[in-house]
Structures are given as C-alpha cells and as structure tokens.
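K.L.:
Using only what follows, build the 3D model:
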Amino acid sequence: MPNTHGHRGWGHIRRLPSGRYQATYIGPYDKATRHRAPTTYAVRENAERWLADERRLVELGKWTPPATRTLAQTASAITLASYAKTWIAERKLRPRTRSEYEAKLRLHIAPTPLGRTPIAELHPQTVRAWYAGLGDIHRTRNAHCYSLLHSICETAVADQLLTVNPCQITGAMSAPTKRAPVIPTIAQLAALADNMPERFKALILLKAWCGLRWGEVIELRRHDIDNDAEVLYVSRGATHRKAKCHIDTTKQKQAHAVVIPPHIRADVKHHLDVFTAKGREALLFPPARGGCHLNDRVFRDYLTPALVKAGITGGMRIHDLKHYAGTMTAKVATVPETMSRLGHRTVKASLIYQSVVSGRDAEIAAALSQLATAETP
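P.N.:
Numbering: from 1, shown residues only. As a prediction, this is how the structure comes out:
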C-alpha cells in the first residue's frame with residue numbers, strides 16, 4: 001500500500017499525537033499478529049532502521065517476536081534478588097508475612113550466588129547448589145526459603161522470563177516435623193484448666209475445645225460470643241512484630257462460627273461476667289499490665305507450673321491445644337466437619353491437627369469384625 005499514509009513496502013510507520021514515531025509490521029508467519037517496536041522514536045529514520053533490521057532477521061531465518069526478545073533481554077539484565085524484591089513489594093501480604101519474606105530474601109537468597117544470578121540463567125542445578133548450601137540444621141527454615149523461591153520463579157514463568165520453573169527438588173517445600181505435639185487426656189486437660197489462674201481458665205477451654213489459634217483467642221471480644229455462650233464467631237487474628245500490633249482476618253482469611261460444647265459454656269459465661277469489661281469491643285482476655293493483647297510469654301509463665309500440677313509431661317506448648325481440639329473432634333466428626341470446625345480450607349491442613357486417636361483403630365477393627373460375623377451363617 002505505497003500510496004497510503006504511513007504504509008511502506010514492508011511494515012507501517014505512524015506519527016503519534018506526541019510527535020514520536022511508532023513502527024509496526026504484520027507476520028511474518030502469523031498474518032493475524034501485528035508486532036510493534038519496543039519503543040517509539042523521535043526521528044522517523046530510526047523507525048525505518050528498526051523495520052529494516054526486522055526484515056533482515058526474517059530473510060536470514062533468525063527472526064523471533066520482538067516481545068520475546070525484549071523479555072529475554074530483561075531476564076538477562078535483572079538478577080533474581082532484584083526481581084524477588086519487586087515480587088514481594090507487589091504482593092498483597094499481611095505485615096508479618098511480608099516481614100518474613102523480606103528477611104528470608106535478605107538473609108538467605110540475595111547475598112548468595114543464586115541471588116546475583118540473572119533470571120535468564122536460572123537452572124535446576126543452580127537452585128540445587130543454593131539449596132545444598134543452606135545446610136541440614138535448619139530444615140524448617142530451608143523449606144520456607146525454598147517455597148518462597150518456588151513462588152517467585154513461578155511468577156517469572158508467568159511473566160515469560162523463564163520457560164520452566166527451575167525449582168524442581170522433590171519434597172523441598174515440606175518442612176519436617178521437629179516434635180510430636182503433646183496431647184493431654186480429657187482428665188489432664190480439665191486439671192490443667194483448674195490449675196490455671198481463674199482469668200485464664202476459659203482461654204484454655206476455648207482453645208482446647210474450639211480449636212482456636214493463639215492470635216484468634218487473644219483477639220476475641222465480647223461481641224464474638226452470643227448471649228447464651230453457645231456460638232463463638234471467629235473472624236480476626238492478632239499478630240505482633242517488632243513491637244507493633246496487627247489485627248487482620250484469620251489465617252485462612254475467612255470467618256467461621258464454632259458451637260461451644262455445652263460442658264464449658266458455664267465457664268465461658270462466668271468469665272464474661274467476672275473478667276470481661278462491659279462493651280461490645282471489650283477483649284475477653286485483656287493484658288494485665290497494658291499492651292494491646294495478652295503476651296504469649298506472660299501466659300507461658302502461668303502455663304508451665306499448671307502443666308506440672310496437672311501431671312502433663314513432655315513440654316506441652318500452647319499450640320498443642322489446637323492439636324488436642326483436632327484429635328477430639330476427629331473422634332466424633334468426619335474430615336469435612338473437622339475442617340469446618342477448625343477453620344481449615346484443605347484436608348491436608350486439617351489432618352495435621354488430627355493425631356492418631358487412641359483406641360479408635362481398635363473400634364474400627366471391631367466394627368470390621370461385626371461386618372464379617374454378620375455375613376457368617
């Protein structure tokens with residue numbers, strides 16, 4: 001179309017309202033795709049020169065889409081550490097998660113040869129060498145660092161900076177279990193609650209029988225429990241990082257209701273009447289000496305002697321009470337029901353908190369025997 005404004009023997013040049021020139025062309029193999037120069041030009045001759053270079057690549061059989069070449073140049077110029085820093089900045093993350101990602105990048109990725117490697121040069125062997133350099137002592141930390149790297153590289157694949165994800169170490173994202181949770185008996189749990197200071201008794205019972213996380217239980221407020229102490233509404237969690245308090249949604253980012261077991265409702269009502277201030281926003285378990293929430297270190301000072309008095313050995317931690325909740329719930333509920341009660345979105349997450357139920361396997365075996373004997377003449 002030589003007589004049409006902007007058209008040439010091959011390609012097209014048009015002047016933009018800004019006064020700069022844009023060069024484009026169709027093909028060469030896909031007649032439905034128009035390829036554009038990666039930039040605009042102040043002088044028309046420069047746009048002509050770009051089109052001539054593109055035509056030469058076609059004739060030599062070395063042509064690739066301009067956008068692909070631009071991405072390759074970007075991948076060759078930007079290092080993993082720089083890309084990862086942008087990746088974290090652009091994500092919608094909770095403050096604590098963002099801080100943890102930044103720390104892992106700063107301490108374990110950026111200062112290594114892997115962090116200084118251009119995106120385009122990332123290969124599985126590069127990742128394996130970096131992972132081996134993390135050592136075998138801090139396996140949970142290593143799993144978290146590898147998981148972060150895997151997510152970053154997955155985005156680089158989506159951005160077409162990588163063709164495949166170089167993180168291909170089987171099982172590297174699975175953090176090994178360092179210790180088995182200590183699950184008390186029902187009698188020991190009751191004794192533990194009775195040996196705690198009275199203002200913490202309801203906290204033990206709610207964590208153990210409703211499966212709350214620490215951040216969820218310390219953020220509970222009066223309006224989160226209905227008037228008859230029958231239903232508990234879990235919609236928020238509190239975290240503390242560098243002396244700053246952050247209140248956000250729950251870990252699974254969804255609110256859920258938990259029916260409070262009848263045998264602890266009287267204790268919950270008593271706590272509301274005696275230890276909780278008036279007003280909808282009053283915390284159920286306020287800190288005694290100021291601060292926005294109850295401190296877990298302060299709570300452990302009361303928990304440790306109560307464990308001794310209750311006869312619970314093995315170094316039970318506060319979070320083990322959530323495992324207790326999963327174990328007890330598994331005795332009477334299905335997996336989906338347990339997931340709903342514990343606020344989990346995946347079966348895997350829920351099963352982590354369901355320990356092997358003592359005696360349950362014997363009950364299953366007895367039930368199988370009943371099936372067999374029922375068929376026997």
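
K.L.:
drop to CA atoms for contacts and neighbour counts, all remaining ones
P.N.:
Noted.

K.L.:
Any chance you could list what contacts the host helix or strand of Thr304?
P.N.:
In the assignment (DSSP states H and E), Thr304 maps to helix 296-310. Helix 296-310 is contacted from outside by 188-189, 191-192, 195-197, 313, 316, 318, using Cα atoms under 8 Å, 6 or more residues apart in numbering.

K.L.:
Point out the ones among those that are inside strands.
P.N.:
Secondary structure of the contacts of helix 296-310 is defined by DSSP state E; no position falls in strands.

K.L.:
Neighbour-wise, which one of those leads?
P.N.:
Within those, neighbour counts (other Cα atoms under 10 Å) peak at Leu192, which reaches 24 neighbours.

K.L.:
any idea of the pLDDT on that one?
P.N.:
Reported pLDDT at Leu192 in the predicted model: 97.

K.L.:
again with His144
P.N.:
94.

K.L.:
Tell me where the protein has strands.
P.N.:
12-15, 21-26, 34-36, 231-234, 237-241, 244-248, 256-259.

K.L.:
Can you tell me which of those strands is nearest to Phe285?
P.N.:
Put simply, out of the strands of the chain the one that sits nearest Phe285 is strand 237-241, at 12.6 Å, with distance taken as Cα to Cα.

K.L.:
Okay, buried residues for that closest one please.
P.N.:
Neighbour counts over strand 237-241 (16 or more other Cα atoms under 10 Å) mark 237-239 as buried.

K.L.:
Tell me how far it lies from the chain's centre.
P.N.:
Strand 237-241 has its C-alpha centroid displaced from the chain centroid by 15 Å (Cα atoms, centre = their mean, to the nearest Å).

K.L.:
Then stretch 247-265?
P.N.:
For stretch 247-265, the distance between its averaged C-alpha position and the chain's averaged C-alpha position is 20 Å (Cα atoms, centre = their mean).

K.L.:
Now the terminal residues of it, how far apart.
P.N.:
Distance between the two ends of stretch 247-265: 27 Å, counting by Cα to Cα, to the nearest Å.

K.L.:
Same question for that stretch: list its buried residues.
P.N.:
The neighbour-count criterion (16+ other Cα under 10 Å) identifies 248, 250-251, 256-258, 260, 265 as the buried residues of stretch 247-265.

K.L.:
Go through the residues you listed and say which is closest to Ala143.
P.N.:
Distances from Ala143 to the buried residues of stretch 247-265, taken by Cα to Cα, are shortest for Lys251, at 19.5 Å.

K.L.:
OK, contacts around that closest one?
P.N.:
Gly237.

K.L.:
now do the one 3 residues further on
P.N.:
Under the criterion of Cα under 8 Å, 6+ apart, the contact partners of Gln254 comprise Ser235.

K.L.:
likewise Pro261?
P.N.:
Each residue near Pro261 by Cα under 8 Å, 6+ apart is listed here: 209-210, 230.

K.L.:
confidence score at it?
P.N.:
The model reports Pro261 with a pLDDT of 91.

K.L.:
And the pLDDT for the residue sitting nearest the centre point of the chain?
P.N.:
Centroid-nearest residue in the chain: Thr97, 7.8 Å away (criterion: Cα atoms, centre = their mean). For Thr97, the pLDDT comes out at 87.

K.L.:
From Gln188, how far out is it?
P.N.:
Distance, Thr97 to Gln188, using Cα to Cα: 35 Å.

K.L.:
Kindly reformat the buried residues of strand 237-241 as CSV containing distance to Met173 and pLDDT.
P.N.:
As requested, the buried residues of strand 237-241 are exported to CSV (distance: Cα to Cα, whole Å; pLDDT from 0 to 100):
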residue, distance to Met173, pLDDT
Gly237, 26, 88
Ala238, 26, 87
Thr239, 24, 83
